[in-house]
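1. Sequence and predicted structure below; questions after.
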Amino acid sequence: MSNESVKISVLMPVYNTHPYELRAAIESILNQTFADFEFIIINDGSTDNNIDEVVYSFSDERIKYLKNETNLKLIATLNKGIDHSAGKYIARIDADDYCAPERLEKQFNYMEEHPDIGVLGTLFEFVPNNFNWEQITGIDELNSCIRYIPGCLLHSSAMIRKSILRENRIYYDKNCLHAEDFKMWSDITRFSKAALLPEILTYYRISNDGICASNRRFQNKMLMCIALENMIKDFECDKDLMYNALEKFKHDIPLPAGEYDYVKNFLSEVKNKINANIPDKLHERISVYIDAILNHFYNEEDAPVVSVLMSVYNARENELRQSVESILNQTFTDFEFIIINDGSTNNVEEVILSYNDKRIRYYKNETNLKIIASVNRGLKLCRGKYIARLDADDYSAPARLEKQVAYMEAHPNVGGLGTFFKRLHTGEEVHLPTKIQDVTLLTRYVKGCISNPSGMIRRSVIVENNLEYNKGCLHAEDFKFWADLSYYSDLAVIPEVLTFIRSHEDGVSKSNKAYQNKMVIVVLLDNIIKDFECDKNYLYSILIKYIKGLPISGQELDAMGMHFVRVIRCLLPKVSDIYKPVVKHYILSILRHFIVEKE
């Protein structure tokens with residue numbers, strides 16, 4: 001690759017662009033009044049064979065056509081283009097946009113006359129022309145804003161001084177998906193200035209299926225993260241506190257009141273300092289965007305009473321709608337509804353976004369994290385005094401939240417609260433222990449004393465004790481969670497059917513029943529060993545053998561059996577008479593499981 005063998009390298013990635021739009025883009029470059037350029041076109045693994053046909057139809061030596069074997073995505077392809085460029089300047093053009101014939105000539109002349117400019121955009125017009133976007137043309141005003149509000153310089157109109165990239169090792173940041181241009185301008189303007197030619201020289205097509213349109217929510221958050229990081233770098237503040245707040249902002253974690261107040265004051269000061277350097281007509285634009293950033297912070301002080309938490313993966317539409325609507329129609333209304341789409345491949349997102357209710361906070365995992373990691377993410381997002389759980393195929397009675405909140409308010413010692421529930425596939429109503437002492441004790445040693453989809457949790461208990469669903473207890477994570485919670489607070493159950501639960505033949509628990517049963521036994525044995533006097537090292541060694549599937553000797557089986565008998569004798573006086581047979585039967589059934597393993 002020669003060093004600046006041409007004046008301009010025009011860089012255009014292509015992925016499955018409509019042939020008509022691609023041809024218009026290419027022709028708009030080849031017909032430029034400025035001719036000393038190379039035209040780097042990179043086919044980013046398109047599956048549309050028409051791309052090759054369109055590019056090869058142009059017989060022009062200035063075209064350098066590169067092809068990625070696979071779809072590397074936009075950022076990696078742009079960086080590949082930078083590495084292949086030979087020009088003094090790099091001009092960007094998207095494959096569905098086009099530019100005026102004199103664009104390159106006017107940009108080149110301006111850059112030659114202004115060596116302090118590192119990136120130069122132009123005014124642009126939307127195609128179709130049904131938008132009005134006021135652009136900032138003054139150099140001082142532009143450079144006062146470009147790192148703090150996106151959209152100041154259209155990517156497809158940009159010309160970049162390559163020496164700035166080379167000397168400062170600047171590339172498009174792979175961590176800024178869908179906001180890579182805003183991050184690039186932020187980086188360039190730390191070493192030079194930006195400018196905008198006050199003339200329409202670029203034509204920008206609006207695409208309904210474009211990258212930004214289909215990922216608008218993620219893109220907006222990424223843009224705000226970049227702007228906020230720039231503010232932290234550029235303005236005086238408590239850097240440690242603000243970077244910590246930025247991390248919480250990225251993951252939607254609520255800020256304590258003191259931190260939130262600091263962030264609020266900092267952003268107000270930033271707004272005032274920026275507005276002092278720009279015309280009054282731009283003040284509203286700056287103010288609106290910075291206020292939007294603040295509004296995306298969650299303040300624990302303004303939190304609702306309840307956070308309803310639901311993780312969804314490929315739920316059936318009718319069941320998901322019934323579940324969502326059962327929450328939105330609650331008689332108790334002071335709640336936020338956190339719904340996490342755990343990388344679903346069906347129409348889950350479409351269903352959730354069809355509800356126009358401000359109480360819904362929707363999040364999407366980029367990949368399927370599985371239930372434990374997804375719910376634990378949700379626990380960190382919750383701001384409410386109480387967290388109500390619900391699965392995406394179950395639903396709640398209208399008064400569920402109201403009755404659970406009233407109970408929790410009246411019983412500050414209770415950290416977890418379930419309800420009776422109904423199995424929809426059989427019509428059976430399941431009545432559970434209700435007395436606090438019974439529920440709290442039995443939850444550690446008998447599975448199912450609290451149904452997870454019916455549960456309400458006092459958030460302060462899990463925050464103060466760093467509790468979450470245990471990733472090492474797959475398919476038994478709910479039993480482990482409620483058992484763990486019982487060591488830090490009392491548990492109870494409302495004696496009323498307020499939750500309705502489905503069981504699917506293809507459900508996780510059903511298809512992994514043997515493994516689930518084993519994990520439940522492991523959790524129960526761990527509790528039995530740690531909670532009662534015994535030779536803990538010896539019994540844990542037996543438990544480890546069980547986990548690994550190793551042979552258990554008759555002597556070891558006798559030792560475990562004797563401990564089980566002692567545990568039963570200790571527990572029976574502490575539970576209501578009605579549950580004494582349940583305790584005895586359940587714990588002895590675990591011993592029988594060991595006998596089967598031995599055989």
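-> Looks like it arrived, so ask away. Quick caveat: nothing in here was measured; it's all calculated off a predicted structure.
2. how deep is G87 tucked in, by neighbour count?
-> Neighbour count for G87, taken as other CB atoms under 10 Å: 22. Placement of C-beta: from N, CA and C, glycine included.
3. now it: how far from E134?
-> Distance, G87 to E134, by CB to CB, to the nearest Å: 31 Å.
4. go on, V6?
-> 35 Å.
5. ok, now F266?
-> Relative to E134, and taking CB to CB, F266 is found at 27 Å.
6. Equivalent analysis for K358, please.
-> From K358 to E134 the distance is 29 Å (CB to CB).
7. now R383
-> R383 is 36 Å from E134, by CB to CB.
8. likewise N68?
-> In terms of CB to CB, N68 sits 37 Å off from E134.
9. Looking only at neighbour counts, state which of those two leads.
-> N68 (18 against 8).
10. Quick check: that one touching L74?
-> No - counting by CB atoms under 8 Å, N68 does not reach L74; the two are 11.1 Å apart.
11. so what sits against both of these two?
-> Shared contacts of N68 and L74 (CB atoms under 8 Å, 6 or more residues apart in numbering): D44.
12. How far away from the center of its chain is stretch 459-470?
-> 20 Å (CA atoms, centre = their mean, to the nearest Å).
13. What residues sit buried inside it?
-> Burial within stretch 459-470, assessed by neighbour count using 16 or more other CB atoms under 10 Å, is assigned to R459, I462, L467, E468, Y469, N470.
14. And stretch 264-272, by the same measure?
-> Of the residues in stretch 264-272, F266, L267, V270, K271 count as buried by neighbour count, 16+ other CB under 10 Å.
15. Looking at the residues you listed, which are in helices?
-> Of the buried residues of stretch 264-272, the ones assigned to helices by DSSP state H are F266, L267, V270, K271.
16. For the last one, which non-adjacent residue is closest in space?
-> Once flanking residues are discounted, K271 sits nearest to I290: 4.7 Å by CB to CB, 6 or more residues apart in numbering.
17. got TSV for the buried residues of stretch 459-470, with distance to Y515, pLDDT and secondary structure too?
-> Formatted as TSV, the buried residues of stretch 459-470 follow (distance: CB to CB, whole Å; pLDDT from 0 to 100; DSSP: H, G, I helix; E, B strand; the rest coil):
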residue	distance to Y515	pLDDT	secondary structure
R459	31	93	helix
I462	26	92	helix
L467	23	91	coil
E468	21	92	coil
Y469	16	94	coil
N470	15	90	coil
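18. Next, the contact list for C382, please.
-> With CB under 8 Å, 6+ apart, C382 has these contacts: S307, L309, E336, I338, R459.
19. Model confidence score at it, please.
-> Confidence at C382, expressed as pLDDT, is 88.
20. Break the chain into its domains for me.
-> Domain segmentation of the chain under automatic domain parsing yields 6-208, 235-300, 303-507, 532-598.
21. In CSV, list the ones you listed along with distance to L525.
-> Putting the domains of the chain into CSV (distance: least, CB to CB, whole Å) gives the following:
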stretch, distance to L525
domain 6-208, 44
domain 235-300, 35
domain 303-507, 10
domain 532-598, 5
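22. and V523, which of these is closest to it?
-> domain 303-507 (4.8 Å; CB to CB).
23. How far does that closest one sit from its chain's centre?
-> 19 Å.
24. check which helix or strand covers the nearest residue to Y98 once chain neighbours are set aside.
-> Excluding the flanking residues, the one nearest Y98 by CB to CB, 6+ apart is S28, at 3.8 Å. Per DSSP states H and E: S28 is located in helix 19-30.
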